[in-house]
Structure formats: C-alpha cells, structure tokens
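Visitor: sequence and predicted structure below; questions after.
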Amino acid sequence: ASESSGKVRCASDSGVMMVLAALAVCAALAACAYGVAPTTPHAKWYQRKEDIVLTIHAACATDRAVVLSSDKFSLSCTDASGRPLQFAFTLREDINATASVCVPTGGGEVCTLVKEHPHWFDRLVRSENELGSHLTVDWTLWREVDDGPETWLDAYDDKLPELDSAEALAAAVAKHEVIVVDVGYRWCSKCSHTPKPFMELVRALKGKAHFAYADARETYELRQPLLAECSHVCQITILKRGENATRVELRSELPENINMINAFLGPLVTPLADKAALKPLRKKNAAVAVAVGLTEAQSTAFAAAARGLRGSLRAASAAPGVLSNDTTPGYIYFYRGKKEPVEKQLYPGDDLLPGLMRACAHKLLTLFDYSFQRSLELLELPVSRVFIEESSPAIPLYERLAKKFRGKIAFIRMKPMDSMHFLPEYGLPKRLPQLTISDNEKWDAVKYAFEGEHTEENLVEFCNQYLAHNLVPAIKSEEPGPPFALGVANTVVGKTLPSIISGQQPFVVSFSKTWANNAMGRNMTMWGLARCMAPAGVMVGVIDAGNNYVNESFFPGTGAPGDDVEVFLVETQANGTRTFVKYPSGSWSRKDLLRWLKQHSAAVQQHWAAVVAETEKIAAEAKAAQEQARAARAAWEQDLEALPKVNVAADGGVVKQIRAAGDGAVPASGAQVKAHYKGMLLDGSVFDESKEPFTFKLAAGQVIPCWDLAFATMAVGEKAVLTCRHDYAYGEDGRPPTIPARAVLQFEVELLSFEPADAPASKDEL
C-alpha cells in the first residue's frame with residue numbers, strides 16, 4: 001500500500017511476501033539510479049500495553065510505501081535529495097496489521113503498531129542483528145509493568161526440565177519416543193491453572209513419557225514447532241517421534257488426561273492376534289474401532305482418522321476371522337462401553353470411514369453437520385440435540401452434561417439459524433434454549449423432548465430417565481393455535497390431535513400435506529363447511545400431516561407420504577364408543593361433504609334443518625358478494641375503456657393503459673426496478689398481489705416478458721394497467737392452480753423507483 005502522504009493501513013498477510021520482494025527490487029533499482037545502497041534511517045520506539053509507538057526519522061519526499069503484516073514491517077521512500085531510504089524488520093511479537101497505522105509527520109514517520117495480544121515485552125525486533133544501532137528505545141516514554149511477580153510457568157522451576165532452545169528440543173526428540181510439553185507465554189493468564197493437573201499427570205506417568213515446559217515468550221524459535229498459542233482452551237503439546245506435533249486439551253480429571261497420553265504411548269493402530277486381546281482395549285477405552293481386512297487405501301484413511309481421534313477412540317486391526325467366523329474382508333467393528341459392536345462394511349471408494357470413526361468417538365457437544373449426522377445414523381447412537389445461541393454463557397452447562405453421559409448419548413450443538421426447523425419434530429416451539437434426545441439419527445427414530453427449566457439437575461434427570469426407558473415419546477407438532485371453536489376451520493397440530501381422538505365433541509378433520517393435490521382449495525372448502533356445521537355443534541379442523549404427528553391406528557393412510565387429502569368424521573356413538581369414519585375418495589365439494597355427513601353423523605342428522613338454513617345463508621352471502629364484485633369490476637373496466645391504449649409489443653401482445661403519469665427517465669436494461677402490482681384474470685379474480693415493494697432486474701428474465709417490455713416504458717410514479725397475452729405471460733400451460741392455460745392476464749402496476757444497471761440484482765421472481 002503506498003501513498004504520497006497521509007495515513008497508511010495494511011490489512012492482511014496475503015501477498016505480503018510478494019510485496020516485500022517487490023519493494024526490495026524497487027529499492028535496488030533506486031539504489032542503482034542513485035549510485036548507493038538504500039540508507040537505513042534511525043528510529044526510536046516505546047511500548048504501551050496495547051500498542052507500540054515507532055518513530056522513524058525519515059523525511060520522505062516521494063515513492064513512500066508502507067507494508068505491514070502480522071510479523072513484518074517495511075517503510076521505503078526517497079528523500080528530497082533523491083536518496084533511497086528503507087527501514088524494514090521482522091517483528092518478534094505479532095501485531096494486528098489491520099488496526100495498525102503509520103502517519104507522516106514533519107521530518108519523520110510515526111507508526112502505531114497494535115499488539116495482537118495486549119501485554120508487556122522488552123524487544124521489538126526478532127533478531128537484534130537486523131537493525132543494530134539504527135533502532136533504540138525511547139526511555140523517556142518507555143512504560144513497562146511486570147506481568148506478575150510469579151507467572152504460571154514459574155510453578156515448574158526445579159520440577160521439570162525446560163526446553164529453552166531449538167537444540168534442546170531436537171535433543172529431546174532424538175532421545176524420547178513421546179514428549180509432552182506445557183508451552184505458553186508468561187503474559188497469558190487464561191490457563192494459569194494448568195500446572196496442577198499437568199504435574200499430576202507427570203507423577204502418574206513418570207518414566208513412560210518425557211515431560212517438559214517451554215516459555216514461548218523467551219524462546220521464539222519454539223513457538224511454531226510446539227504450536228504455542230494463548231487460548232481460552234487450555235492445551236498441551238504432544239510430540240511423538242515420526243509425527244507432527246499435536247495440541248490436546250488438558251482436562252481437570254486425571255484419568256482422562258492419562259487416557260489421552262496413553263493413546264500416544266502405544267501404537268497408533270493396535271494389532272489384535274486373537275479375540276482375547278480386544279478385552280483390555282475395551283476395558284480401558286470408551287470407544288474402540290477395529291479394522292478387519294481393509295485395503296491399503298482404507299487402512300491409510302483408518303490410520304489418519306485414528307490419529308485425529310486419539311484419546312477419544314482406540315484403533316485396532318485384525319485379520320478376517322479373528323473376531324468372528326466371518327472371513328469377509330473390508331469391515332469395521334465399533335465398540336462403545338459394554339454394548340454389542342456395530343458392524344459396518346466398507347466398499348472401495350467409500351468416504352464414510354472418517355465420519356463413522358468420528359461418530360463412534362464423538363466429542364463433547366460436537367457442532368452439527370450433515371456428514372456427522374449421516375455417520376451417527378449408520379452407527380445408531382442415541383443423540384441429544386442442544387439448540388442454543390453460539391455465544392450463550394450456558395454452553396459450559398451442556399458441556400458438563402455431555403461429559404457426564406459420554407459414551408451413552410452423543411451430544412450435538414445445533415446452529416439456531418440453520419436448525420430451528422427441527423424443533424417441531426419434537427413438538428417444541430421455535431425458541432431457545434431447547435434440548436432433545438432421539439434413539440438414533442434415522443428419520444423415523446423415537447424422539448423425546450425436554451420441557452422445563454434448563455438447570456443442570458433437571459437435564460441430568462431427563463437424560464437418566466431416557467436411559468432408564470421411562471420417558472414418554474415426543475409428539476411431532478407445530479405450535480398450537482387458539483382454542484377450538486365452532487364455525488371456523490381450526491388449525492389442528494400433533495399436540496392437539498389427541499384431544500380430538502379422546503374427546504366427546506363431534507369433529508370433522510382434514511389431513512393434508514403441503515404438496516397434496518389442491519390442498520389449499522380443499523382447506524378453503526373446509527372453512528365453508530365449518531360454518532355449515534356450527535348449528536349441529538360439529539367442530540371442523542385441518543392438520544398438516546407432513547409437519548405433525550398423526551396416529552395411523554385411528555386415521556389410516558394419513559401418516560404415509562401421499563398426494564391426496566383425507567377427511568375423517570370423529571364422533572361418539574350412543575353406546576359411548578368413539579368412531580372414525582373416512583370420507584371416500586372422489587368428488588370433493590362442500591355439497592358432497594354435507595351429504596356424506598348427513599348419512600354418517602347423528603349430530604348432523606339431528607340438526608339437519610339448521611344446517612340447511614346456514615348453508616342457504618352462506619350461498620346468499622356469496623351471491624351478494626359476487627354481484628358486488630361484478631359491479632365493481634364493470635366500473636373498473638368502464639374506467640379502463642376510457643384510457644388510451646399503448647401497444648408496447650409490436651404484435652399487440654402487451655397493452656399498457658396509463659392511469660397516472662410518472663416523471664423523469666425510464667429504466668434501461670439491467671436496472672433494479674422496484675414496483676407494486678396486483679395480478680388478475682379477465683374475470684377480475686386476483687391471483688397475486690404485492691404486500692411489500694417487489695424488486696427485480698429489468699430484461700434479465702426474472703419476470704414475465706410482459707413486465708420486461710412494459711416497465712422499460714414507465715417513469716417513476718407512473719401507474720398503469722397492463723394486459724398481457726398468454727405468450728407474454730405464462731404461456732400455453734399457465735401456472736396451475738391459480739393461472740389457467742393460455743390465460744390473458746391484467747396487472748395494475750406502479751413504478752416506485754429504479755437504480756442503475758450496476759445495482760445488486762434481486763433473487764425475487766414473478
């Protein structure tokens with residue numbers, strides 16, 4: 001990044017090395033032109049806890065360029081005499097390059113370098129030889145506060161060997177098979193409690209591994225090989241000869257830490273000579289995966305997955321026939337606790353192996369993804385879904401829960417934005433937090449929902465009751481609506497359906513799925529039927545069988561996928577029994593439903609006269625409404641007839657009639673158009689209408705051709721009626737059920753505004 005004057009910020013490491021190389025070339029060229037090497041100006045620096053202030057005495061006149069990255073600094077320019085200047089070095093501690101800034105001042109440059117981690121330190125340059133006497137400390141402004149009289153690393157003095165150089169690390173690696181290192185920064189207090197569990201681990205495994213500590217602040221060259229970082233997750237580094245370094249979490253319980261280190265002490269994949277050799281592995285490990293007769297590629301994938309799951313899963317291998325009489329190769333046996341193994345056959349090209357092993361060795365509160373879900377489904381593990389905000393302070397509560405039931409229930413954390421649609425499957429409202437359990441991850445698994453206050457005691461009891469098989473399965477259900485009432489088509493959900501089955505009120509209920517044939521039209525029929533049934537005291541309801549649990553023992557065929565709408569009459573007979581009568585398939589009208597109900601419902605038979613009277617009343621109201629609509633339509637058409645017709649399409653397929661003129665220019669192709677509209681058939685029936693402004697890109701195929709042509713002739717504020725022949729609308733087929741085949745359409749439209757062609761396109765479609 002370069003400017004002749006003003007502030008300079010450099011925002012990323014990407015390409016920084018290339019830029020630095022280019023600057024070096026430029027400096028060399030400038031030096032050739034001037035005849036001397038670039039001059040390194042003098043600079044002073046001082047620190048505050050959050051940043052470093054670097055003052056460079058470089059009077060830049062031209063060619064000023066500043067490049068910053070997390071660990072690199074470079075300033076180059078030419079002074080007024082034409083002399084090239086360059087001040088560059090490698091930072092010892094990382095900075096936030098995006099937040100850092102350099103500002104030219106009279107006779108110099110002042111740079112504020114924001115520290116990646118606020119802390120005190122005593123060196124700016126990684127190597128003292130880089131700038132030598134050209135860089136000094138400004139002691140008049142220097143501030144330094146000790147990070148503390150005793151840091152967590154001091155707890156290891158005289159108790160553990162310290163790795164204080166790259167040579168010391170190399171010597172330890174050459175001597176020991178496994179090295180366990182607590183490496184950190186003295187200023188990082190986030191994991192100051194680690195010495196206690198680490199020293200417990202040292203005493204428990206003395207002689208089995210080499211334990212050491214390292215100060216990443218003082219020994220820069222060990223930061224990368226030991227994967228040093230300052231993090232809220234307290235980790236230690238394990239180096240096993242022949243493998244890359246691994247960071248693992250240091251837990252508070254000694255047995256868990258011992259198990260983690262033991263996973264590195266033995267072979268990555270333990271060979272089993274006989275079935276008896278499996279017993280001690282199962283006793284010491286919560287999860288064991290045994291590979292039987294895998295191909296070379298499968299064995300490589302198995303080993304890679306085992307390496308990543310050390311401490312959570314123990315990997316082993318056996319020849320075909322060792323664990324069972326089956327000598328077929330290509331199997332994985334998964335063991336968890338005392339349960340019988342889950343056996344999975346692998347086929348060439350399968351990519352399920354890592355996911356299956358990850359599922360078997362599931363970690364605390366694993367973040368949900370569909371590949372992991374597939375693995376859990378194959379292994380048939382009980383699964384608890386935790387629906388919670390990512391930043392919730394309650395996450396440790398659910399982690400403790402997952403830890404308590406490790407090996408018995410797999411806990412998955414769901415992202416709210418992507419997973420709220422799961423909640424109706426458990427009959428839960430779409431609000432947070434929520435916790436559920438399924439017997440496994442298959443779609444038809446039995447599900448259980450926790451309903452109560454999310455305290456640790458309550459959640460532990462819920463999980464214990466699940467494991468004891470004492471819970472009542474959840475009912476798949478949307479949220480219940482208002483209480484049932486006469487005269488309306490009540491919304492029935494999974495949770496309210498049992499009240500219909502066990503109640504005394506006569507009920508006509510319609511079951512449909514959102515994709516069922518004319519489900520919307522048939523639900524409207526149920527609304528009309530509801531008014532007719534009110535005098536007979538018969539309730540009417542509709543239920544979405546796709547989103548709600550349906551008891552097929554009472555309503556046969558309604559729970560299976562289908563394309564039809566089913567109607568049942570539920571009524572209590574004189575002898576007290578509750579009967580369920582299904583409406584036969586065939587004609588589907590209110591008149592047919594009334595005839596059927598008169599035949600099968602005692603309540604309808606008893607109040608038939610009142611039902612007929614209400615039906616006639618509804619018909620009279622409908623007739624009056626139709627007449628009113630026809631009159632309004634006639635008046636509208638009369639007003640429209642007086643307006644001039646403009647043929648927008650050359651063949652007369654698009655006609656525009658302006659009701660209110662607009663002002664200004666018209667939109668060009670590619671413009672973002674914002675409009676209101678109402679779409680009608682020629683009989684005046686409305687098939688669509690905008691509630692909010694509708695946005696689309698003109699002449700981009702996002703709307704029907706009629707619109708693309710007509711809106712290109714409209715000014716902002718213009719209101720018009722468009723008449724669109726079928727070939728400029730929805731063509732030969734129309735858009736059933738609302739738009740018939742070869743339908744001529746009319747639109748009342750208003751152009752609200754438009755933006756130039758480079759505005760972002762909308763995904764809306766008409």
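Guide: Here it is on my side, so go on. Residues are numbered from 1 along each chain as shown.

Visitor: pLDDT below threshold where in this structure?
Guide: By pLDDT under 70, the low-scoring segments of the chain are 1-36, 143-151, 347-363, 369-380, 407, 514-520, 557-564, 586, 758-766.

Visitor: was I right to think Leu365 contacts Ala402?
Guide: Yes: if you go by CB atoms under 8 Å, Leu365 and Ala402 touch, sitting 5.0 Å apart. Using the backbone N, CA and C atoms, a C-beta is placed for each residue, glycine as well.

Visitor: spit out the residues that contact these two alike.
Guide: With contacts defined as CB atoms under 8 Å, 6 or more residues apart in numbering, the residues shared by Leu365 and Ala402 are Phe411.

Visitor: what about the closest residue to Thr366 other than its chain neighbours, which SS state?
Guide: Closest residue in space to Thr366, ignoring its immediate chain neighbours: Ile412 at 5.4 Å, by CB to CB, 6 or more residues apart in numbering. Classification of Ile412 using DSSP: H, G, I helix; E, B strand; the rest coil returns strand.

Visitor: Ile412 and His469, how far apart?
Guide: Going from Ile412 to His469 by CB to CB, to the nearest Å gives 22 Å.

Visitor: what of Arg241?
Guide: Separation of Arg241 from His469 (CB to CB) stands at 48 Å.

Visitor: tell me which of the two has more neighbours.
Guide: A side-by-side neighbour count of Arg241 and His469, using other CB atoms under 10 Å, places Arg241 first with 11 against 6.

Visitor: from memory that one sits against Ala172, does it?
Guide: No: counting by CB under 8 Å, Ala172 is not a contact partner of Arg241; they are 10.4 Å apart.

Visitor: thinking again about what came up before, so what's the residue count around the residue nearest to Thr366?
Guide: 22.

Visitor: mind listing the helices for the stretch 451-600 of the chain?
Guide: 456-467, 497-502, 519-533, 590-600 (DSSP state H, counting those that start in this stretch).

Visitor: got CSV for those, with mean neighbour count and distance to Glu253 too?
Guide: Shown next, in CSV, are the helices of the stretch 451-600 of the chain (neighbours: other CB atoms under 10 Å; distance: least, CB to CB, whole Å):
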stretch, mean neighbour count, distance to Glu253
helix 456-467, 16, 17
helix 497-502, 16, 45
helix 519-533, 19, 55
helix 590-600, 17, 66
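
Visitor: all helices of the stretch 151-300 of the chain, in order?
Guide: Going by DSSP H, counting those that start in this stretch, the stretch 151-300 of the chain shows helices at 166-175, 195-204, 254-265, 278-284, 296-308.

Visitor: rebuild these as CSV, extending it with mean neighbour count.
Guide: Formatted as CSV, the helices of the stretch 151-300 of the chain follow (neighbours: other CB atoms under 10 Å):
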stretch, mean neighbour count
helix 166-175, 14
helix 195-204, 16
helix 254-265, 18
helix 278-284, 14
helix 296-308, 16
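
Visitor: same list (those helices) but as a markdown table, adding distance to Leu752.
Guide: Listed next are the helices of the stretch 151-300 of the chain as a markdown table, based on distance: least, CB to CB, whole Å:
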| stretch | distance to Leu752 |
| --- | --- |
| helix 166-175 | 68 |
| helix 195-204 | 65 |
| helix 254-265 | 63 |
| helix 278-284 | 70 |
| helix 296-308 | 55 |
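
Visitor: ok, which of those helices comes nearest Trp120?
Guide: Trp120 lies closest, by CB to CB, to one member of those: helix 195-204, at 21.8 Å.

Visitor: next, the angle helix 254-265 makes with that closest one.
Guide: 60 degrees (axes from the mean of the first three to the mean of the last three CA atoms, to 10 degrees).

Visitor: list the helices and strands helix 195-204 packs on?
Guide: The contact analysis (3 or more CB pairs under 8 Å, 6 or more residues apart in numbering; DSSP states H and E) places helix 195-204 against strand 178-184, strand 210-215, helix 254-265.

Visitor: can you give the distance of it from its chain's centre?
Guide: Computed by CA atoms, centre = their mean, to the nearest Å, the separation of helix 195-204 from the middle of its chain amounts to 38 Å.

Visitor: what about the residue nearest to Lys513 when sequence neighbours are not counted, neighbour count?
Guide: Spatial nearest neighbour of Lys513, chain neighbours left out: Gly546 (4.0 Å); criterion: CB to CB, 6+ apart. Per other CB under 10 Å, the neighbour tally for Gly546 reads 17.
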